[in-house]
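>>> Got a predicted structure here, sequence first:
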Amino acid sequence: MTDVPPWTFALWRAVLLTAFLASLTIVFRLGLPRDRTTWLAAISQSINSGISWAIIFWAEQFVPSGLVAVFGATAPIWTAVLAHFLVHGDRLSALRVAALGLGFSGIAVLVGTSGEIPGGPVVLAVLLLTIMPLGWAATAVVAARSLTTVHPVPVIGIGAVAGGIFLVPLALSEIGRPVAWTPQALLALVYLAFVGSGVGLVVNLWLYRRLRPTTIALSQLLITAEAVLVGAFLLGEQVTLGMIAGAALVLTAIWLNSRAGRPTVPPEAALPERAVATPAD
């Protein structure tokens, strides 16, 4: 997206998402969280709907979108680590540990590949993209522990508001840069706000009532494959052998994680009425 500065675009995405989810909350009289813990957990979702967007849209100025998506595909690896310690019934095994090692090897290959792209900000972009999925993993664990008894629409709306507040100063820093709301830019904004976030994030949170965090995180594979294909065939981005090798290592690691991903307790035992344990993703 070159027509609109990255953080300005991200802020408008948060604004549209907030308006959409607030409208649904009012029309259908959906209840807001009532306790402090749930509110804090809802606000933590701003990692998905504010902080991540700031990183992704900025990084894509220096790193191909397909490579950005492959970094995002490491989320299941981070989720497996955090869930082992924080989510009942979602434990590491020898196979998962092997998958983690393979996954981090893939990250190392991707970092080396990104060096092929000229420009000083690339190193910072790669660092932020490497850390970003850890935030996604943290929100997955928080959702599994604290957000399985509240309606997902207002919860994601609260996260969008918090994410938008985070994006405001970043967008203000772009004042003076040229902005062109072309039909393509508007179409991308509407799609990402209403479909990518309005539907995607709500469905994702709804799934935490039924599935384990590590299983839900595997859905990132579909997004990764789509982004790589779109970048290569529609945006003309170069796909190098290094990118393919790194992606193959990461995806193999995620496949191994899914093979080792059976809960150690039945889902029924992990989800009492007041959800503080594992949903199954």
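Received the coordinates, thanks.

>>> Flag every buried residue along the helix or strand hosting residue 189.
Taking DSSP states H and E as the definition, residue 189 sits inside helix 183-190. Going by neighbour count (16 or more other C-beta atoms under 10 Å), the buried part of helix 183-190 is 185, 188, 189. Every C-beta, even on glycine, is put in place using the N, C-alpha and C of the backbone.

>>> Alpha carbons only: can I get it in PDB?
Output of helix 183-190 as PDB, limited to C-alpha atoms (Å, rounded to 0.1, in the frame of the first residue of the first chain):
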ATOM      1  CA  PRO A 183     -10.300   3.100  -5.400                       C
ATOM      2  CA  GLN A 184      -7.700   0.300  -4.700                       C
ATOM      3  CA  ALA A 185      -6.800   1.900  -1.300                       C
ATOM      4  CA  LEU A 186     -10.400   2.200  -0.300                       C
ATOM      5  CA  LEU A 187     -11.200  -1.300  -1.400                       C
ATOM      6  CA  ALA A 188      -8.300  -2.600   0.600                       C
ATOM      7  CA  LEU A 189      -9.300  -0.600   3.700                       C
ATOM      8  CA  VAL A 190     -12.900  -1.800   3.600                       C
END
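
>>> Give me the mean pLDDT for the helix or strand just after it.
Downstream of helix 183-190, the first helix or strand assigned by DSSP H and E is helix 200-207. Averaged over helix 200-207, pLDDT sits at 87.

>>> Which strands or helices does helix 200-207 pack on?
If you count contacts as 3 or more C-beta pairs under 8 Å, 6 or more residues apart in numbering; DSSP states H and E, helix 200-207 packs onto helix 152-172.

>>> Need the contact partners of the helix it packs on.
5, 7-8, 10-11, 14-15, 17-18, 21-22, 24-25, 28, 30-33, 39, 41-51, 53-54, 147, 197, 201-203, 205-206 (C-beta atoms under 8 Å, 6 or more residues apart in numbering).

>>> just the buried members of those?
Buried subset of the contacts of helix 152-172 (neighbour count, 16+ other C-beta under 10 Å): 5, 7-8, 10-11, 14-15, 17-18, 21-22, 24-25, 30, 33, 39, 41-51, 53-54, 147, 197, 201-202, 205-206.

>>> Burial check on residue 200, number of neighbours?
16 (other C-beta atoms under 10 Å).

>>> Just the mean pLDDT for stretch 23-39, thanks.
On average, stretch 23-39 scores 93.

>>> Endpoints of that stretch, how far apart?
Distance between the two ends of stretch 23-39: 19 Å, counting by C-alpha to C-alpha, to the nearest Å.

>>> Now do it: everything it contacts.
Contacts with stretch 23-39, where a contact means C-beta under 8 Å, 6+ apart, come from 41, 42, 146, 147, 150, 151, 153, 154, 155, 157, 158.

>>> mind redoing it with 10 Å?
21, 40-43, 142, 145-147, 149-158, 198, 202, 276 (C-beta atoms under 10 Å, 6 or more residues apart in numbering).

>>> Buried members of those residues into ChimeraX, please.
Typed into ChimeraX, the line below selects the buried ones among the contacts of stretch 23-39, using 16+ other C-beta under 10 Å:
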select :21,41,42,43,142,145,146,147,150,151,152,153,154,155,156,157,158,198,202
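
>>> Quick one: neighbours of residue 86, just the number.
As a measure of burial, residue 86 has 17 neighbours, counting by other C-beta under 10 Å.

>>> so it sits right up against residue 92, yeah?
No: between residue 86 and residue 92 there is no contact under C-beta atoms under 10 Å: 11.9 Å.

>>> Now do the phi/psi pair for the residue sitting furthest away from the middle of the chain.
Most distant residue from the mean C-alpha position of the chain: residue 176, 29.8 Å away (C-alpha atoms, centre = their mean). Per-residue torsions, residue 176: phi 100, psi -20 (degrees, to the nearest 10).
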